[in-house]
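just a sequence and a predicted model for now, questions to come.
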Amino acid sequence: MPTLSPVLARLDADFDTSLDRLFSLLRLKSISTDPAFKADCRQTAEWLVEDLKTIGFDASVRDTPGHPIVVAHHHGPAGSPHLLFYGHYDVQPVDPLNLWHDDPFYPKVKELEPGRKVITGRGSADDKGQLMTFVETCRAWKAVHGSLPCRITILFEGEEESGSPSLQPFLEANAEELKADFALVCDTGMWDRETPAITVGLRGMVGEEVVVKAADRDLHSGEFGGAAANPVRILARVLADIHDDTGRVTIPGFYDGVEETPTQILKAWEGLGETADTFLGPMGLSLPSGEKGRSVLELVWARPTAEFNGISGGYTGKGFKTVIAAEAFAKVSFRLVHEQDPDRIREAFRAFVRERIPADCSVEFHPHGGSPAIQLSYDLPFLIKAQAALSDEWAKPAVMIACGGSIPVVGDFQTYLGMGSLMVGFGLPDDRVHSPNEKYELASFHKGQRSWARILEALTRS
């Protein structure tokens, strides 16, 4: 591969210098949620802009009502794909500081065990180390070939760790400028230290708070017990009815739009070696509680759920108070997959509850967010190319995985820019993101750079 080989060689030769650049970025205290670090966040955005300019990007700091967004463009050969790379430069607070082994904003390389070195410091894995893998790939490619292999737009957000309040309006207002063939998102991870991964599915969510009301006041359970409606009992029965004995959700229409995962993908997940014991054991559990006959990975990656996140009613303080509560509350969340419609799920749930409320009682609902799932087709050409490219770099073949949670920006790209995302990152489960002593594997930073070079070559190969 005459195009790729010299880029990989350049990344290897320049690795120590790339590490110095990452350390300079990690020293900047870009804590987005704390107003005391507002100036630090802007300084970080300006640092990224100046660094991208040295590669030849047309880069700028874009003001928002909150922290600035970095946008950069680089032209590519005529007819080449247009890729949008996303990362975020803001980081989580470092509290409690006394639990850190080293200064969180004084990065180091430490050896955890023979042959295994890590980069320490806040933001090393989430997300500065991740985003700089791609920047370094662009730097090396430009140095070797004098140009980039395709048109690239870079978008670095400064509020991901504080809810991204400025991102959606920014995407909507700048859709024409930012729209690309598809996005590259680096805020994900590997399966393990030797197995790279592409995330192809993210579960959506619907949140509901339910309030069941009966009498106009709390009642004495001796005087009224057996005659008056008890909201706690009514609500408990409603919640119990949501699942059958096999773990399936009984709400009519709940599984509309839910597809079965392809057999070859299930076999690949089985090959990862995750079992109920390995997955649930560290939490003190052993028996999967979802749909019977499905693996734990299928349950959390590819199946929808209904979970009860909180329930209350009546007296819950110390001691005992014999009352029939006037109201009972529950918080219920649904994780969605494939083509499930959040609005239809919400309405189906409400209808399910209303059918079970006695005529002299009432129910109220309070919504708490709703977003569809993200599910890429497993046979998309850019996924297949990226999987092969990653497999060439790492010790084990790349796997296509899913995520039980969600990455909101991926949905935003789909909603506001009309494009899908290739989700590739090099973080590990033990990187301690959002916690004291965050780290990023030195191999992740080095081989991450080489991986992006391979992916760019694969995506742009004619």
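Everything's here; your move. This structure is a prediction, so every number in the text was calculated from the model and none was measured.

can you classify residue 411 as helix, strand or coil?
Classification of residue 411 using DSSP: H, G, I helix; E, B strand; the rest coil returns helix.

residue 133 is in contact with residue 452, correct?
Yes: in this structure, residue 452 is within contact of residue 133 by CB atoms under 8 Å, at 5.8 Å. All C-beta spots, glycine's among them, are computed from the backbone N, C-alpha and C.

could you list the domains of the protein?
Following automatic domain parsing, one gets these domains for the chain: 5-202+374-460, 204-267+294-371.

what about the stretch 151-300 of the chain, any weak spots by pLDDT?
The stretch 151-300 of the chain contains no residues with pLDDT under 70.

and for residue 413, nearest residue in space, chain neighbours not counted?
In space, residue 413 comes closest to residue 183 once its chain neighbours are excluded; the distance is 5.0 Å by CB to CB, 6 or more residues apart in numbering.

from memory the one you found sits against residue 418, does it?
No: look at residue 183 against residue 418 with CB under 8 Å: they stay out of range, at 10.9 Å.

the more surrounded of those two?
Counting neighbours by other CB atoms under 10 Å for residue 183 and for residue 418 shows that residue 183 has the greater number, 24 against 9.

nearest residue to residue 3 in space, please, no chain neighbours.
Distances taken as CB to CB, 6+ apart place residue 457 nearest to residue 3, at 6.0 Å, with adjacent residues excluded.

the spatially most central residue of the chain and residue 18, how far apart?
Compute the mean C-alpha point of the chain, and by CA atoms, centre = their mean the closest residue is residue 407, 3.3 Å away. The gap separating residue 407 from residue 18 is 26 Å, by CB to CB, to the nearest Å.

which parts of stretch 435-445 are buried?
Using 16 or more other CB atoms under 10 Å as the test for burial, stretch 435-445 gives 438-445.

any stretches of the stretch 1-150 of the chain with poor pLDDT?
For the stretch 1-150 of the chain, the ranges with pLDDT under 70 are 1.

what ranges do the helices span in it?
Per DSSP state H, counting those that start in this stretch, the stretch 1-150 of the chain carries helices over the ranges 5-13, 15-26, 38-55, 128-145.

and if you look at the stretch 151-300 of the chain?
Listed in chain order, the helices of the stretch 151-300 of the chain (DSSP H, counting those that start in this stretch) span 167-173, 175-178, 221-224, 231-241, 263-270, 276-280, 296-302.

which of the residues in the fourth one are buried?
Of the residues in helix 231-241, those with enough neighbours to count as buried (16+ other CB under 10 Å) are 231-232, 234-236, 238-239.

just the second one next, same as before
Of the residues in helix 175-178, residue 178 count as buried by neighbour count, 16+ other CB under 10 Å.

for that helix, C-alpha coordinates in PDB please.
Output of helix 175-178 as PDB, limited to C-alpha atoms (Å, rounded to 0.1, in the frame of the first residue of the first chain):
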ATOM      1  CA  ALA A 175     -26.500  22.400   8.700                       C
ATOM      2  CA  GLU A 176     -25.500  23.400   5.200                       C
ATOM      3  CA  GLU A 177     -21.900  23.900   6.200                       C
ATOM      4  CA  LEU A 178     -21.600  20.800   8.400                       C
END
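
residue 83 versus the residue nearest to residue 413, what's the distance?
Using CB to CB, residue 183 is found at 7 Å from residue 83.

same check on residue 404?
Per CB to CB, residue 404 is found 27 Å from residue 83.

which of the two has more residues huddled nearby?
With neighbours defined as other CB under 10 Å, residue 404 and residue 83 compare such that residue 83 has more, 26 against 16.

bridged to that one, which residues?
Counting by DSSP bridges, residue 83 is bridged to residue 152, residue 182.

what's near enough to touch it?
Residues in contact with residue 83 (CB atoms under 8 Å, 6 or more residues apart in numbering) are 150-153, 180-184, 459.

what does residue 389 give?
Going by CB under 8 Å, 6+ apart, the list of residues near residue 389 reads 451, 454-455, 457-458.
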